[in-house]
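[1] Show me how the following folds:
(2 chains)
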Amino acid sequence: MFGYYLDLAWRSLKRSPILTGLMVLAIGLGIGASMTMLTVLHVMTDDPLPGRSAQLYTPHLDPLPLDHKRRGDGPDASDNLTWPDAMALLKAHRATRQAAMAGGSMLVRPARADVRPFDVDGRYTTADFFPMFGVPFLRGSAWGAADDAVGARVVVLAESLSRKLFGADDAVGRMVRLGEHDYRVVGVTRDWQPSPLFYADASAKRYSDGDRFFLPLSTAVDQKLDVNGNFSSWEKNDADSRMVSPTTSWLQFWVQLDTPPQVAAYRQYLVDYSAQQKALGRFQRPPANAKLYGLMGWLAHEDLVPNDVRLQLWLALGFLFVCMLNIVALLLAKFLRRSGEISVRRALGARRRDIFVQLGIESALIGVAGGALGLAIAQLGLWSIRQRPDDYARIAQMDVQMLFGTLALAIAASVLAGLLPAWRACRVAPALQLKTM
Amino acid sequence: MRIHLQVRPILAALHSHKAAVVLLVLEIALTMAVLGNLVFIVYGNIQRAHVPTGVAESGIGLIQSIGVIGQDNPGTAAGNIAVLRAVPGVADAAYGGPPLWFVQSNPVFVDPSRKQALAKVYEFQGSQGLVSTLGLRVIQGRAPARDELPVAENATKDTEVPVLATQALASRLFADGHALGKVIYDGGSNPMRIVGIVDHLRGGITGRADDDYALVAEFLLGNQNVGGGFMIRAGDPAHLPEVLAAAAAALQKANPGHVQSKLYTMAELRENYFRSDLAAGRMLVAIMLILLVVTALGVSGLASFWVQQRRRQIGMRRALGATRGDILHYFQVENFLIVSAGVLLGALFAYALNLFLMHRFELAHLPAHYLLVGALALWVLGQLAVLGPALRAAAVPPVVATRSV
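    Model (predicted):
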């Protein structure tokens, strides 16, 4: 029966090509606009480390004084950790792996005379960062805990930076001048850039920034290197000592916890640590303020999707709704015009249900065509998004999931739009229609 | 007169197509709601992109010149400013950055204890000549004289800094209107004394009231070698690009150890600043146009269906003496009635959508004249969309009435 209905639908659509074209165009435009914005939302809220994200957590403490007020649009000072807290959590070693980190920017001064000095963004971190996040190494390896302990002058380079400095040569073991010191290259990673860059500070451009070098955090603190990110102090601090001050937060901290009991235990540990700090007089707020966010939970908390993207998504969905109303009206006109034909089929024994299914298949066929057009329009829309100067522009690409989502949404929208007209059409009284024919 | 007489039969005819009419009315109402709000958002963005910063924008250019550590560099700050001023066509030059660039924004306090921040303020700091290079208009008090500028090399934590404040900031900090001579503080240690008021200076343009909260401080720079932003103001704005390039070349010659990464005119800075807004605006305009097209297609699709359905009735009316004009008017009036109902409902929807957007996205209230413009647009659109089908209806010959189907 399905094949027959499909054939009927195809004939019917061919009979009024302009009306059919209008409906396909309307659903294509609505779906195209909606899928463009849904894809942007999808890639912005995507899992940056599939397979690992479920085991990654970020602990947050609340070391702020009771009377501290967050400035309206300023960063939340308790989003980051202070140096003493980060070091305490690191040394406690309660998680499978743990790393503290902060973004940094350094002037690279190539040995080759033909390359001018340039600035490059990277990360100061501790040894567990690499195995915890699964950073893929091309050559060499990460530094070890011993290097962290002494603040060794070692560096891990990303492939693109290594190639820029040393060409195709193996960079491991070579020296590179960053800022005012020479660092020994211990490893080269593939260009690795989780999107969003979940472990970066709130001030980072999380969809376009990536790390091109990695230095031991202790080395950065010893040499007071520049940090990219928010420094929030809640007491007067000397510029000289603020990196290690107990009243300045600037570090991000991530842990790997493999099992639910481990997660619960770590959560308890954070509360206990806060209680201990409160007993010592350092913390003032309730220890229960200490939080442990999962990776996706943290991204939701950070709310990375800008308001204008949400606004445009709402507008696009509203637009799809208008298009659907349009199709409802056109289908109603089209189906009711065929009252005669429907009456003949009814008189010949077709049940209402059969008519309903037949018309439903016709709507779905429009949906398939509209979905194909919508895909093309969405690609155009995404291309235009990629031309934007925004930080998320580069990643606006459709994946397989969204591709099938587009088709499914188009068919669902057109079948939904066909419901009312089909219902009206299958309730036509055959006798009356046949008489007037 | 005749049109008036037609209304009742039209309403009666529409009554038998309730479902289609309701759908069309809804579609027009939704189009109106989305359209009204979109136009409002886009127009707001365009307006924002033209808010002046308060500086002499057409003449200002920026040279980003950064020292490379360890490289010898003979240039000094005072020397660099002199070099820039000597370039033909340069009216003024200073070390410091213009608005819409990286302007620091800090909380300010009127009490030395710094407990209660009164406002967030853009702080413009630079060398001697900053105020005149920016071309600020001092409307009260005066710009700090050269001999009262704090000397950058000798400045300590307690050195008092004379500053200019914008009028908006002055009245925010001192409601009584007596800001001149008062001392204020930012997060740093130095007290700042307001010696003059400028009319406007916007560090950024976000649409919020505190855009126009700014402080300007000049420091006397001498032999230190500083890198960062150097600004020039061209005497004749028409020649700014050439003058800026010449100035950059002169600065590079005087500072072989500097890396010049960027040159910007103020117009380019403004363009960069608003690029993202404009890109989003273009997308909204595209959605708007497509929406109008889709609605027009819907209206005209349904109208042609009705025309086709009523061919016999049209033929009968023609046979009974109706002119072509009557038939044409019939469909035009019918369309006008439907669009009018849609517009009325649409005004309600537009306000509802606006309330929702205000709640979620801090949008302003939708002024009523946007609705009027939207209604007008939809009426015109409806008439255009129905014109084709209506003309086809008018062309139906009376003889159709006598034919069977």
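[2] The closest residue to residue A:29 other than its chain neighbours in helix, strand or coil?
    Nearest in space to residue A:29, with sequence neighbours left out and distances taken as Cβ to Cβ, 6 or more residues apart in numbering or on different chains, is residue B:290 at 5.3 Å. C-beta coordinates here come from the backbone N, C-alpha and C atoms, glycine included. With DSSP: H, G, I helix; E, B strand; the rest coil as the basis, residue B:290 sits in helix.
[3] Would you mark the buried spots in the longest strand seen in chain A?
    Longest strand of chain A, by residue count under DSSP state E: strand A:97-108. Neighbour-count burial for strand A:97-108 flags A:97-104, A:106-108 (criterion: 16 or more other Cβ atoms under 10 Å in any protein chain shown).
[4] Check stretch B:88-97 too.
    B:90-97.
[5] Likewise for stretch A:234-249?
    A:234, A:237, A:242-243, A:245, A:247-249.
[6] So for it, mean pLDDT?
    Stretch A:234-249 comes out with an average pLDDT of 81.
[7] Stretch A:311-325 now?
    pLDDT averaged over stretch A:311-325 gives 86.
[8] ditto for stretch B:102-110
    Here the average pLDDT along stretch B:102-110 is 84.
[9] Now do it: distance from first to last residue.
    25 Å (Cα to Cα, to the nearest Å).
[10] quick one: the longest strand of chain A near chain B?
    Yes. Strand A:97-108 is in contact with chain B by Cβ under 8 Å from any Cβ of the partner chain, via residue A:107.
[11] Just the C-alphas of that strand, formatted as CSV.
    What follows is strand A:97-108, C-alpha atoms only, in CSV (Å, rounded to 0.1, in the frame of the first residue of the first chain):
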residue,chain,number,x,y,z
ARG,A,97,45.1,12.2,38.4
GLN,A,98,45.1,15.9,39.1
ALA,A,99,46.5,19.0,37.5
ALA,A,100,46.5,22.8,38.1
MET,A,101,46.8,25.1,35.2
ALA,A,102,46.6,28.7,33.9
GLY,A,103,46.9,30.2,30.4
GLY,A,104,50.0,32.1,29.4
SER,A,105,51.4,34.0,26.5
MET,A,106,55.1,34.2,25.7
LEU,A,107,57.3,35.9,23.2
VAL,A,108,59.1,33.2,21.1
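[12] Given the helix or strand following it, what are its sheet partners and their directions?
    Remark: after strand A:97-108, the chain's next helix or strand is strand A:118-125, criterion DSSP states H and E. Sheet pairing here is set by DSSP bridges, and for strand A:118-125 it gives strand A:97-108 (antiparallel), strand A:213-216 (parallel).
[13] Dump the ones you listed into JSON lines; add mean pLDDT as well.
    Below are those laid out as JSON lines (pLDDT from 0 to 100):
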{"stretch": "strand A:97-108", "mean pLDDT": "92"}
{"stretch": "strand A:213-216", "mean pLDDT": "94"}
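[14] To residue A:175, which of these lies closest?
    Evaluated with Cβ to Cβ, these place strand A:97-108 nearest to residue A:175, the distance being 12.2 Å.
[15] quick check, distance from the closest one to the centre of its chain.
    The gap between where strand A:97-108 is centred and where its chain is centred comes out at 22 Å by Cα atoms, centre = their mean, to the nearest Å.
[16] just stretch A:372-389 next, same as before
    The answer for stretch A:372-389 is 18 Å, by Cα atoms, centre = their mean.
[17] contact partners of that stretch?
    Applying Cβ atoms under 8 Å, 6 or more residues apart in numbering or on different chains, the contact partners of stretch A:372-389 are A:24-25, A:27-33, A:35-37, A:39-40, A:393-394, A:396-398, A:403, A:406-407, A:410, B:272, B:275-276, B:279-280, B:282-283, B:286.
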